[in-house]
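Trainee: Okay, here's the prediction I keep looking at, along with the sequence it came from:
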Amino acid sequence: MEKEVKTRLFFFIAVVIVFFSGIMAYGFQTNFGTIDIQEVAITHTDGTKIVGKLYRPIGVNDTNPAPGILGIHGYNNDKDVQRGTALELARAGFVVLTIDQIGHGDSEGLFTTTTQIEGASTAYVWLARQSFVDGGMGVYGHSMGYVSAFYFPLYGFPADVYAPNASIFETFPPCLQNFFVHRNVLHLWAEYEEWYTVDLTIVGPNNITADMTVDEVIEQGLIVTGINAGLGPGVPGEVDTTYGDFSVGNAYREHLVRGTTHPGLTMDLGCQQESVAWMLQALKGYNESEAWNTVAALGQFYLGGEIFSGIALLFSFISMIFLYQWLMSRKYFSEVAQPMPTRVSMITTKKWMWWTVAAVNAAIAGVVYIFFTHTDLDWGFQASPSSPLVMGMMNNFLGFYLISAVIAGALVIVWALISHYTGRDRIKLYDLAATYGEDSFGKNLKSKPYWRIFGKTLLIVMILFFWLYLLVSIFQTWFMIEFRIFWSFMKMFTIERFWIFLLYLPIFLPFFLINGGVFLFAEIRQKEASSPNKTQIIWTIKACFAMLTGLLVVFLIQYLGPVFGANYIFEGWDFNPIMPLQLMGVIPLSVLIYFLMVYFFRKTGKIYLGSIFAAVITVWFLTTATVVGSSL
């Protein structure tokens with residue numbers, strides 16, 4: 001009874017922290033009441049719904065309008081990736097609209113190069129026509145959003161809509177600018193830019209090639225800067241120096257962010273400051289000194305929202321664990337807790353053998369990730385109206401999960417055969433933590449207790465998922481806050497994405513049952529430590545070693561090259577650079593998932609609860625956070 005009271009108390013505390021953190025994130029997003037936030041739906045010319053988040057400073061209205069700025073996110077992101085810049089611009093007095101590009105976030109449709117550019121143009125015209133926008137307009141775009149912001153002015157504008165008077169382009173090296181098309185350009189780029197060979201230009205090439213080192217890319221980028229600044233061919237320009245004249249429209253500035261990569265620009269303090277100072281000069285007529293003094297006086301607020309939404313994400317999972325403990329204390333669910341199989345694999349009894357098998361599995365994961373995570377294109381899964389597999393990035397991951405599951409399944413069979421033919425007892429499904437009794441699988445299937453316990457296991461998965469989804473829904477619906485840290489993790493389904501979730505879930509499930517279930521908790525199940533808590537920590541660490549080390553090595557191979565002055569090792573490979581970059585989110589998320597899988601296995605003695613829950617969470621995150629449309 002005392003334990004149950006503590007569980008309820010800890011559950012309550014975790015929920016309080018979730019709500020406190022979510023409300024604080026909302027406070028930061030609204031600058032604690034000085035910015036009005038609204039979700040808007042814009043109808044594209046073909047009827048597709050484009051969803052946006054509108055940041056309007058309190059006091060800006062029909063009689064007191066302000067300049068408008070459109071924020072456009074990159075590929076496989078959503079409108080809240082641009083939240084930091086949007087918040088800082090709104091605090092400086094601008095009306096800002098960030099959109100989910102077509103095929104992204106909550107917007108409808110399929111992503112293509114054409115739809116992304118046309119959709120951005122539609123959103124721009126919508127914003128410019130709002131009565132609280134005074135006609136002065138700007139645009140900023142990151143990555144694919146840079147592409148949209150760069151090209152949609154070429155489509156022209158209705159007679160009542162002004163072209164952007166300021167453009168902020170984030171990522172890719174400098175390109176040659178045409179200031180008749182793009183007025184007053186600020187370009188932000190990363191020292192370790194993954195897409196360093198991309199050259200957006202309507203003037204001429206920037207002459208940056210794939211064989212260049214990081215320093216050579218920067219050197220050539222400064223030559224391009226000099227040309228844009230009017231310094232003449234071969235004369236390098238300087239970063240953080242404003243050239244040209246805002247009143248003429250040829251103001252131009254480059255800001256190079258040292259020590260960061262392509263996605264890091266949206267989180268960078270200096271980029272937010274540069275963006276606000278630039279728009280103050282271009283759209284409000286400030287001189288450079290006034291603009292930077294204003295930036296200094298405003299400070300930076302956006303990180304508070306990211307930190308508190310991240311805390312809400314973390315404690316939503318902690319509250320879920322205490323909810324699980326409370327459920328298991330109920331008589332109805334108590335039989336879900338079964339003893340772990342007594343059989344211990346020979347691999348576990350010999351330390352060198354465990355580390356060898358774990359290292360081999362890690363190496364396999366790394367190799368499979370390199371060669372089988374471009375399947376949306378390589379396997380002909382390109383999204384199209386005729387294909388149900390419309391999630392480009394999920395199709396890329398699908399290759400990794402399916403091939404890994406096939407290999408792991410084959411290795412489990414080999415392990416079982418070796419165990420049998422070397423004189424040990426035949427390995428049963430019960431030894432794999434896959435049945436609830438030591439009888440044959442056929443007898444288990446005919447057993448009512450088997451299906452009763454399995455059904456209750458599925459019910460627990462549903463309750464835990466719905467609890468997380470309820471928390472997410474409350475804050476996304478009433479506060480327009482997602483539980484995330486810079487990138488999307490937990491968010492509500494659209495109707496379209498819910499059906500996609502149901503389609504992909506059984507495709508991803510075998511990986512978690514075989515690799516994250518049978519392999520981890522039967523073939524290489526570890527020994528008990530001196531206490532349950534210590535066992536949980538050790539098992540999680542070693543599970544991460546076996547499952548994630550290969551992916552970490554791929555990540556390090558990719559990113560250590562630029563750090564040491566070369567460039568990206570995988571340049572020219574099919575899966576580069578989009579899939580190595582995904583590991584920035586995949587590895588931390590996987591650590592959380594393997595912690596939960598260890599926890600649920602140790603509590604239930606079976607692979608099902610942890611494996612099914614992990615598959616549900618992974619597919620949920622991927623379905624709501626990634627692009628509908630073909631991959632890069």
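Mentor: Nice, thanks for sending it over.

Trainee: Check the secondary structure at Leu256 for me.
Mentor: Three-state call for Leu256 (DSSP: H, G, I helix; E, B strand; the rest coil): strand.

Trainee: can you give me the helices in the stretch 351-500 of the chain?
Mentor: Per DSSP state H, counting those that start in this stretch, the stretch 351-500 of the chain carries helices over the ranges 351-371, 375-378, 392-421, 441-445, 448-478, 495-513.

Trainee: Test my guess that Leu89 contacts Val96.
Mentor: Yes: if you go by Cβ atoms under 8 Å, Leu89 and Val96 touch, sitting 5.0 Å apart. C-betas here are computed from N, CA, C, even on glycine.

Trainee: how close does the nearest residue to Thr171 once chain neighbours are set aside get to Tyr75?
Mentor: Spatially, and ignoring its direct neighbours in sequence, Thr171 is nearest to Ser143 (4.9 Å; Cβ to Cβ, 6 or more residues apart in numbering). Noted for Ser143: a distance of 6 Å to Tyr75, by Cβ to Cβ, to the nearest Å.

Trainee: Between those two, point out the one with more neighbours.
Mentor: Neighbour count, other Cβ atoms under 10 Å: between Ser143 and Tyr75, Ser143 has more, with 25 against 22.

Trainee: Hmm, the more buried one is touching Gly74, no?
Mentor: Yes: contact criterion Cβ under 8 Å: Ser143 and Gly74 qualify, at 2.9 Å.

Trainee: Can you pull the residues that touch both of these two?
Mentor: 171, 263 (Cβ atoms under 8 Å, 6 or more residues apart in numbering).

Trainee: coming back round to it: residue contacts, the residue nearest to Thr171?
Mentor: Ser143 is in contact with 73-75, 77, 170-172, 195, 262-263, counting by Cβ under 8 Å, 6+ apart.

Trainee: out of those residues, which is most surrounded?
Mentor: Within the contacts of Ser143, neighbour counts (other Cβ under 10 Å) peak at Glu170, which reaches 29 neighbours.

Trainee: So the nearest residue to that residue once chain neighbours are set aside versus Trp195, what's the distance?
Mentor: Leaving aside its chain neighbours, Glu170 sits nearest to His142 (4.1 Å; criterion: Cβ to Cβ, 6+ apart). Per Cβ to Cβ, His142 is found 12 Å from Trp195.

Trainee: What of His104?
Mentor: Noted for His104: a distance of 18 Å to Trp195, by Cβ to Cβ.

Trainee: Kindly report the same for Lys534.
Mentor: 45 Å.

Trainee: Could you name every residue contacting both of His142 and Trp195?
Mentor: Residues touching both His142 and Trp195 by Cβ under 8 Å, 6+ apart: Thr171.

Trainee: Tell me where the chain has strands.
Mentor: With strands called from DSSP state E, the chain shows them at 35-43, 49-57, 66-72, 95-99, 133-142, 166-170, 185-192, 252-261, 483-485, 487-490.

Trainee: so where's the stretch 101-250 of the chain uncertain?
Mentor: Scanning the stretch 101-250 of the chain for pLDDT under 70 picks out nothing.

Trainee: got TSV for the strands of the chain, with distance to Ser631 too?
Mentor: As requested, those are exported to TSV (distance: least, Cβ to Cβ, whole Å):
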stretch	distance to Ser631
strand 35-43	26
strand 49-57	21
strand 66-72	19
strand 95-99	21
strand 133-142	18
strand 166-170	21
strand 185-192	22
strand 252-261	19
strand 483-485	22
strand 487-490	17
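
Trainee: where does the chain have its least confident helix or strand?
Mentor: Ranked by mean pLDDT, DSSP states H and E, the weakest helix or strand in the chain is helix 441-445, scoring a mean of 70.

Trainee: Do I have it right that Tyr26 meets Gln476?
Mentor: No: the criterion here is Cβ under 8 Å, and Tyr26 misses it with Gln476 at 10.8 Å.

Trainee: what's the pLDDT at Ser387?
Mentor: According to the prediction, Ser387 has pLDDT 77.

Trainee: Excluding sequence neighbours, find me the nearest residue to it.
Mentor: Phe381 (6.9 Å).

Trainee: what does stretch 539-551 rub up against?
Mentor: 357-359, 361-367, 369, 515-516, 519-520, 524, 526, 583, 586-587, 590-591, 594-595, 597-598, 602.

Trainee: quick one, what contacts the residue nearest in space to the middle of the chain?
Mentor: By Cα atoms, centre = their mean, the chain has its centre lying nearest to Trp487, at 4.3 Å. Residues near Trp487 by Cβ under 8 Å, 6+ apart: 77, 81, 263, 585, 625.

Trainee: 7 Å instead, please
Mentor: Residues counted as contacts of Trp487 (Cβ atoms under 7 Å, 6 or more residues apart in numbering) are 81, 585.

Trainee: what residue ranges in the chain score low on pLDDT?
Mentor: Within the chain, the stretches with pLDDT under 70 are 1, 378, 380, 382-385, 423-425, 439-441, 444, 632.

Trainee: Using the record's domain definitions, break it down for me.
Mentor: Split into domains by automatic domain parsing, the chain comes to 1-31+306-330, 34-305, 336-625.

Trainee: Which of those has the highest mean neighbour count?
Mentor: Highest mean neighbour count among the domains of the chain (mean count of other Cβ atoms under 10 Å): domain 34-305, with a mean of 20.

Trainee: Quote the end-to-end distance of it.
Mentor: 15 Å (Cα to Cα, to the nearest Å).

Trainee: can you give me how far that domain is from the chain middle?
Mentor: 21 Å (Cα atoms, centre = their mean, to the nearest Å).

Trainee: and stretch 27-40, how far apart are its ends?
Mentor: So stretch 27-40: terminal residues 20 Å apart, Cα to Cα.

Trainee: again, but for stretch 595-613
Mentor: 12 Å.

Trainee: which outside residues touch it?
Mentor: Contacts of stretch 595-613 (Cβ under 7 Å, 6+ apart): 328, 336-340, 433-434, 454, 457, 460-461, 464, 509, 512-513, 516-518, 521, 536, 539-540, 543, 614.

Trainee: What of stretch 284-296?
Mentor: Here stretch 284-296 makes contact (Cβ under 7 Å, 6+ apart) with 67, 92, 242, 273, 276-277, 280-281.

Trainee: just stretch 518-525 next, same as before
Mentor: Stretch 518-525 has contacts (Cβ under 7 Å, 6+ apart) with 345, 347-348, 354, 357-358, 361, 408, 412, 415, 431-434, 543, 546, 601, 607.

Trainee: can we see that at 6 Å?
Mentor: Residues from elsewhere that reach stretch 518-525, judged by Cβ atoms under 6 Å, 6 or more residues apart in numbering: 345, 347-348, 354, 357, 408, 412, 415, 432-433, 543, 601, 607.

Trainee: dump the residue contacts of the closest residue to Asp240 other than its chain neighbours.
Mentor: Distance criterion Cβ to Cβ, 6+ apart; nearest residue to Asp240, sequence neighbours excluded, is His255 at 6.0 Å. For His255, the contact set (Cβ under 6 Å, 6+ apart) comprises 188, 240, 274.

Trainee: Mind doing that once more with 8 Å?
Mentor: If you count contacts by Cβ under 8 Å, 6+ apart, then His255 has 186-189, 239-240, 270-271, 274 around it.

Trainee: For it, list each beta-bridge partner.
Mentor: Beta-bridge pairing for His255 (DSSP bridges): Leu188.

Trainee: Phe400 touches His374, doesn't it?
Mentor: No: judged on Cβ under 8 Å, Phe400 makes no contact with His374 at a distance of 9.9 Å.

Trainee: Kind regards, and thank you for your time.
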